[in-house]
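with the sequence up front, the predicted model follows.
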Amino acid sequence: MTVLASVLSGTRIVSLALNLPGPAALMRCRRMGATCVKLEPPAGDPMGKYNPKAYAQLHEGVTVLAADLKTEAGQQALHAQLAKAHVLLTSFRPSALARLDLGWQQLHGRYPSLSQVAIVGAPGARAEEPGHDLTYLADNGLVPGMELPPTLYADMGGSLMASEAVLQAALQQSERYVGTGEPHPRGAYLEVALSDAAAYLGLPRQWGLTQPSGAVGGAHAGYHVYACRDGRVAVAALEPHFAAALCAAAGTPAGDLRAMFDPATHQAIAAFLLSQTREQLDRLGASQDIPLHTMV
């Protein structure tokens with residue numbers, strides 16, 4: 001077993017989180033050795049309905065139990081799991097948790113050593129606002145056109161932050177255990193906001209790196225998506241030695257960094273790549289050590 005696969009060994013997580021961010025975080029934690037139990041409503045997780053393949057992968061190795069938390073029997077099933085858990089993972093609005101008697105103060109009073117990782121849409125007072133991956137991305141300038149983003153960046157980024165929070169909670173417990181010889185006496189409440197995940201992923205755009213005038217936004221001739229004879233090619237020849245190899249292949253002078261922002265360099269490289277097939281470019285990349293990837 002690798003270090004990564006064992007870092008959460010001995011940590012027991014109970015999840016109430018549905019759809020994508022919570023289950024994706026649970027999948028990460030399970031792969032790091034955590035014991036994962038998920039309680040779903042009688043109707044199941046919506047992900048199981050609209051994408052069974054994704055649901056199956058997300059829940060591989062996870063014990064899934066049905067429990068209607070609005071009933072006494074469901075509450076009893078949940079608290080039987082919480083009594084032996086280290087971390088509770090949720091993705092409800094705070095008001096919904098309160099209606100289920102699962103507010104942090106209530107949980108902490110009943111289970112002092114239990115930590116909670118709460119996935120919310122937006123942080124703090126904004127946690128009650130409606131939103132989804134697309135709205136959080138739009139709010140952070142990550143939906144520049146009319147097309148939908150190619151993946152669910154905020155959800156998946158939020159899942160990484162949530163698994164990071166679980167690690168933080170487990171580390172805190174471990175440090176106290178090593179230092180005192182006793183289990184950690186006080187759990188922690190850790191909030192993960194999907195809007196914060198979108199904001200973090202949006203930092204390169206905020207800094208100007210991925211704006212049209214930025215080096216990785218299309219202004220640098222060596223970092224671009226070009227047309228080729230039978231498809232497209234993504235070129236990432238950003239470092240000087242990669243850029244020099246690309247320019248040499250295209251038959252254009254390998255100038256300094258400023259030259260890579262020159263329209264003439266763009267035109268020369270574009271014309272060369274348009275004359276090549278994907279197969280030719282694959283061979284070129286391998287033989288000349290140029291980072292590129294061909295696409296249909």
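Arrived safely, thanks for sending. Numbers count the residues shown, from 1 in each chain.

test my guess that Leu281 contacts Met295.
No. Leu281 is beyond contact range of Met295, at 10.4 Å (criterion: C-beta atoms under 8 Å). For every residue, glycine as well, the C-beta is placed using N, CA and C.

shared neighbours, the two?
Val233 (C-beta atoms under 8 Å, 6 or more residues apart in numbering).

which one's more surrounded, the two?
Shown here are Leu281 and Met295; by other C-beta atoms under 10 Å, Leu281 has more neighbours (24 against 10).

run through the residues that contact the more buried one.
Under the criterion of C-beta under 8 Å, 6+ apart, the neighbours of Leu281 are 228, 233, 273, 292, 294.

what of Pro212?
Counting by C-beta under 8 Å, 6+ apart, the residues that Pro212 touches are 218-219.

pLDDT wise, what is it at?
According to the prediction, Pro212 has pLDDT 94.

gap between it and Gly124?
To Gly124, Pro212 is 34 Å away according to C-beta to C-beta, to the nearest Å.

just the strands in the protein please.
Using DSSP state E, the strands of the chain run over 12-15, 35-40, 63-66, 87-90, 115-120, 189-193, 223-228, 231-236, 292-295.

so can I have CSV of the ones you listed showing mean pLDDT and distance to Thr277?
Shown next, in CSV, are the strands of the chain (pLDDT from 0 to 100; distance: least, C-beta to C-beta, whole Å):
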stretch, mean pLDDT, distance to Thr277
strand 12-15, 98, 48
strand 35-40, 98, 47
strand 63-66, 98, 48
strand 87-90, 98, 49
strand 115-120, 98, 46
strand 189-193, 97, 46
strand 223-228, 98, 7
strand 231-236, 98, 8
strand 292-295, 98, 9
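
what's the burial count for Gln276?
Gln276: 20 neighbours (other C-beta under 10 Å).

gap between the residue nearest to Thr35 when sequence neighbours are not counted and Lys84?
Leaving aside its chain neighbours, Thr35 sits nearest to Arg12 (4.7 Å; criterion: C-beta to C-beta, 6 or more residues apart in numbering). To Lys84, Arg12 is 6 Å away according to C-beta to C-beta.

try Pro46
Pro46 is 28 Å from Lys84, by C-beta to C-beta.

for Thr265, give me its contacts.
221, 247, 252, 255, 259.

the residues you listed: which two are farthest apart?
Farthest-apart pair in the contacts of Thr265 is Ala221 and Gly255; separation 10.3 Å (C-beta to C-beta).

shared neighbours of the two, anything?
262, 265.

just to revisit the earlier point, okay if I get the contacts of Leu281 as TSV plus neighbour count?
TSV is the format used below for those (neighbours: other C-beta atoms under 10 Å):
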residue	neighbour count
Cys228	21
Val233	21
Leu273	25
Leu292	22
Thr294	21
